[in-house]
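>>> Need a 3D model of the sequence below.
(one chain, ligands or ions: 1)
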Amino acid sequence: MGLTFVHNTLGQRVLFGAGKAAEHLTAEVKRLTAQKIMVIASARERPEAEKITAGIKVKLIHDDVAPHVPLHKADTARNAAIRNGIDLLVSVGGGSAIGLAKAIALTTGLPIIALPTTYAGSEATNVWGLTDASHKTTGVDDRVLPLTVIYDAELTLSLPKELSIASGLNALAHCIDSIWAPRTDPINQALALGGIRALTDGLPAISSNPNDLTGREQAQYGAYLSAVAFASAGSGMHHKICHILGGRWNLPHAQTHAVVLPHVLAFNAPAINDAAARIAAALGTGNALEGLNTLRDTLDGPTSLKDLGFAEENIAEAVQLILPVIPASNPRPVTRENLTALITAAQAGTSPAHL
Ligand code: NAD
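Sure, this is the predicted structure:
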């Protein structure tokens, strides 16, 4: 069989090393000869950000960070960057902090150095998101891709266990959705499978001991691979579902992914035999869905949208919003009936099974 595909690789520098965030940041700022630095970190991450940036000259620390990047907050941050003549953005935090830095980069073209503190993976994508009146808009623009990512597993030690697990399952969702996403190819699939292996090693280690730095490093490495795969393959059925649920009902990002993922895998697996076998092997089992369900049970991950605040009466509206955005390339045809069954199972938290 021939091997024919088109693959784009995004250009980015990655500095990896536990305990090295401050050292790597100082060196990178010097390399870029930046003079006026704006640090973006939520109030929660601000003390950590102040420690990491102690060795560089900071013009401004901006801590008005909120989930899903509300447009008015993006505008305030953009104006602050312009008013202060900023020439480099440094984000310390999860997807929300990086998202705000991306919103500034989108209109100003300013470069970003990202220091992630979760496993959401936004730091390795050229995707931005903005929310206005409960409506989330996303787009793709290379200007928002951080120039450099500095990974330091010590920055994730403070992430509570439950959030670490949900965020790690969010990264796993990037990997698994990449397998059938619209631009899936052998390169991003290889990255995705590598990501599954690293997360399958790292997450149980974190679950049994949240201070396990080796587990944290594996999860962080897996999160990076997952995000590179996702950025290349694009949003598949899983991300389309979570994007609508998260934006319309303001559900927590990582937990929503953790709940929905096994249901989408259960739905698509029968239509992707070879790929499902490779996912299973990466999970260290003989069956992809059983492997994922076992991993989620081991990790005690979230299991129902109901527990996240999504009510049964919203299912019909969710199906109506999601159905038109499911990629035509999804391996199994999606209908109102089978999508309703999937969302109903995810809402109630019934065991994910082939529909
Ligand atoms: P988040 O950044 O909102 O963080 C979740 C919570 O964890 C926050 O309260 C935060 O303060 C806290 N937190 C973060 N790091 C911590 C740490 N080390 N210790 C203790 N607490 C910590 O959540 P997230 O899941 O990282 O990101 C979600 C957002 O990112 C969503 O808006 C999502 O759409 C976006 N996202 C975008 C992309 C992309 O490619 N553009 C990819 C993934 C996620």
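>>> all contacts plus neighbour counts: C-alpha atoms, from now on.
OK.
>>> Scan this protein for its longest helix.
Using DSSP state H to define each element, the chain has its longest helix at helix 186-208.
>>> quick one, phi/psi of the nearest residue to Gln189 once chain neighbours are set aside?
Excluding its sequence neighbours, the residue lying closest to Gln189 (C-alpha to C-alpha, 6 or more residues apart in numbering) is Ile179, at 5.8 Å. The phi and psi values for Ile179, taken as degrees, to the nearest 10, are phi -70, psi -30.
>>> Contacts only, for Ile179.
For Ile179, the contacting residues are 189, 192, 233, 275, by C-alpha atoms under 8 Å, 6 or more residues apart in numbering.
>>> hang on, the second one packs against Cys175?
Yes. The pair Ala192 and Cys175 qualifies as a contact (C-alpha atoms under 8 Å) at a distance of 4.3 Å.
>>> Where does Ser158 sit: helix, strand or coil?
coil (DSSP: H, G, I helix; E, B strand; the rest coil).
>>> circling back: hmm, the longest helix of the chain in reach of the ligand?
No. Using C-alpha under 6 Å from any ligand atom, helix 186-208 stays clear of the ligand, with a minimum separation of 13.3 Å.
>>> Tell me the buried residues in the next helix or strand after that helix?
Once the chain leaves helix 186-208, the next helix or strand it forms, by DSSP states H and E, is helix 213-233. Neighbour counts over helix 213-233 (16 or more other C-alpha atoms under 10 Å) mark 213, 215-233 as buried.
>>> same deal with stretch 5-14?
Buried residues in stretch 5-14, defined by neighbour count with 16+ other C-alpha under 10 Å: Val14.
>>> which residues are in contact with stretch 249-258?
By C-alpha under 8 Å, 6+ apart, the residues outside stretch 249-258 that reach it are 120, 134, 163, 166-167, 169-170, 173, 238-239, 242, 245-246, 301-303, 305, 308-310.
>>> Of these, grab the buried ones for PyMOL.
This is the PyMOL syntax for the buried subset of the contacts of stretch 249-258, where burial follows 16+ other C-alpha under 10 Å:
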select buried, resi 120+163+166+167+169+170+173+238+239+242+245+246+301+302+303+305+308+310
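>>> Out of the contacts of stretch 249-258, list just those in strands.
Among the contacts of stretch 249-258, the subset assigned to strands under DSSP state E is empty.
>>> can you narrow the contacts of stretch 249-258 to ones near the ligand?
120, 167.
>>> ok, which stretches of the stretch 251-355 of the chain are helices?
For the stretch 251-355 of the chain, applying DSSP state H, counting those that start in this stretch gives helices covering 253-268, 273-283, 288-299, 315-322, 336-348.
>>> what's the burial count for whichever residue of the stretch 151-300 of the chain sits closest to the ligand?
As assessed by C-alpha to the nearest ligand atom, the ligand sits closest to Leu159 within the stretch 151-300 of the chain, at 3.4 Å. Using other C-alpha atoms under 10 Å, Leu159 has 16 other residues around it.
>>> now do Cys175
32.
>>> Please apply the same query to Glu162.
Glu162: 17 surrounding residues under other C-alpha under 10 Å.
>>> Pick the most buried one from the helices of the stretch 251-355 of the chain.
helix 253-268 (a mean of 25; mean count of other C-alpha atoms under 10 Å).
>>> lowest-confidence helix or strand of this structure?
Counting by mean pLDDT, DSSP states H and E, the weakest-scoring helix or strand in the chain turns out to be strand 135-140, with a mean of 88.
>>> If I take that one and helix 213-233, what angle do their directions form?
Per axes from the mean of the first three to the mean of the last three C-alpha atoms, to 10 degrees, the angle that strand 135-140 makes with helix 213-233 is 80 degrees.
>>> Please report how far the most centrally placed residue in the chain lies from Gly247.
By C-alpha atoms, centre = their mean, the chain has its centre lying nearest to Ala120, at 3.0 Å. Distance of Ala120 to Gly247, computed by C-alpha to C-alpha, to the nearest Å: 16 Å.
>>> residues from the stretch 51-200 of the chain in reach of the ligand?
67-68, 93-97, 117-118, 120-122, 125, 127-129, 155-156, 158-159, 167.
>>> Got a quick ChimeraX command for the buried subset of the residues you listed?
ChimeraX command restricting those to the buried ones, with burial defined by 16+ other C-alpha under 10 Å:
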select :67,68,93,94,95,96,97,117,118,120,121,122,125,127,128,129,155,156,159,167
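>>> Okay, and which of the residues of the stretch 51-200 of the chain next to the ligand map to strands?
Per DSSP E, those map to strands at 93, 127-129.
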